[in-house]
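Peer 1: Mind looking at a prediction? Sequence and model below.
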Amino acid sequence: MTSERTDFPIGLTLASLIAFAICCGLGVWQMQRADWKAGQLKLIAAARTAPPLPIAMALGPSGGPDVSYRRVTAVCLPQAPAPIVGRVTSDNNDWVTRAISFCPLAGTAYEGVWVDRGFVGASRGSTTPAQLTLPAPVNVVGVLSHTKGDCFGSDGCAYWFGHLLRPAPYVLVAERETPPAPGVTPAPYANAEDNLQYVGAYTLTWFGLAGTLAAVYAAMLWRRYRPKR
């Protein structure tokens, strides 16, 4: 004697379709992220050897495309010595303050750019941001690092609003200054490639989950509707 089930599992089918679509969507998103990663790695590699571009050309008179990781040279407009914006970070398992100063610019869409001038030597080992006044940056060669928003951290925002500035959405990480800032050692940021290591790495995982889900659902239907003896 044989029997066959005719009731179709609508709820389970809808749930499976939704899960399948989500897995496929995440797989596509990871593919797009992988393409973006490849482009970013090309930018980073090019920045390592590219001659520095005048920052006015990089930023343009009315803004422009993303120029993260671009090596530039900046000539800051004259200004008086000013207190730094100190940001405590770690270096070789030790606390140290990074000195952030503003560099006014001419010929760009912005009033200037924040410059990360490097480590304050006297601050090493202290978790309190160093408080000191430095001569303003004059000539800076470095790499533009993209930041979210229009200012650098909470302290940078307070300093920005207090001076009614409109800075570029980047931090210029100094490789060298002329003349050098006293007591400060330029310290480029960690290799940006490390932050992109796992971008797009899970593409096959999501598509594999989608395929597994489809196989399990198909097996369930086969077992549900196959003739029983």
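Peer 2: That came through fine. Residues are numbered from 1 along each chain as shown.

Peer 1: can we go C-alpha only for contacts and neighbour counts from here?
Peer 2: Will do.

Peer 1: phi, psi of the residue nearest to residue 140 when sequence neighbours are not counted?
Peer 2: Leaving aside its chain neighbours, residue 140 sits nearest to residue 177 (4.6 Å; criterion: C-alpha to C-alpha, 6 or more residues apart in numbering). Main-chain dihedrals, residue 177, degrees, to the nearest 10: phi -130, psi 150.

Peer 1: Count the neighbours of residue 177 for me.
Peer 2: Number of residues near residue 177 (other C-alpha atoms under 10 Å) recorded here: 18.

Peer 1: pLDDT below threshold where in the chain?
Peer 2: 1-6, 44, 47-48, 62-64, 147-165, 190-200, 227-229 (pLDDT under 70).

Peer 1: what about the strands in it?
Peer 2: All strands of the chain, identified by DSSP state E, fall at 53-54, 71-75, 82-83, 85-91, 94-104, 112-120, 133-134, 139-146, 167-178, 184-185.

Peer 1: Can you tell me which of those strands is nearest to residue 14?
Peer 2: strand 139-146 (42.6 Å; C-alpha to C-alpha).

Peer 1: Now the closest one - C-alpha only, CSV.
Peer 2: What follows is strand 139-146 as a C-alpha-only set of coordinates in CSV (Å, rounded to 0.1, in the frame of the first residue of the first chain):
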residue,chain,number,x,y,z
ASN,A,139,55.8,72.5,5.2
VAL,A,140,54.4,69.0,5.6
VAL,A,141,54.8,65.9,3.5
GLY,A,142,52.6,63.0,4.4
VAL,A,143,49.7,60.8,3.6
LEU,A,144,46.0,61.7,3.7
SER,A,145,44.0,59.4,6.0
HIS,A,146,40.3,59.5,5.6
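
Peer 1: Tell me how this protein divides into domains.
Peer 2: Here the domain parsing of the chain from automatic domain parsing is 10-39+198-225, 50-196.

Peer 1: Out of these, which one sits most buried?
Peer 2: Comparing these by mean neighbour count (mean count of other C-alpha atoms under 10 Å), domain 50-196 ranks first with a mean of 18.

Peer 1: Now find how far off-centre that domain is within its chain.
Peer 2: Relative to its chain's centre, domain 50-196 lies at 16 Å (C-alpha atoms, centre = their mean, to the nearest Å).

Peer 1: Report the central residue of the chain.
Peer 2: For the chain, the residue sitting closest to the mean C-alpha position, by C-alpha atoms, centre = their mean, is residue 146 at 6.4 Å.

Peer 1: Is it correct that that residue is in contact with residue 169?
Peer 2: Yes: judged on C-alpha atoms under 8 Å, residue 146 makes contact with residue 169 at a distance of 6.4 Å.

Peer 1: what sits against residue 131?
Peer 2: Residues near residue 131 by C-alpha atoms under 8 Å, 6 or more residues apart in numbering: 83, 84, 86.

Peer 1: follow-up on the earlier one: ok, the residue nearest to the centre of the chain to residue 134 distance?
Peer 2: To residue 134, residue 146 is 24 Å away according to C-alpha to C-alpha, to the nearest Å.

Peer 1: relative orientation of the lengthiest helix in the chain and strand 139-146 in degrees?
Peer 2: Longest helix of the chain, by residue count under DSSP state H: helix 10-49. Here the directions of helix 10-49 and strand 139-146 differ by 170 degrees (axes from the mean of the first three to the mean of the last three C-alpha atoms, to 10 degrees).
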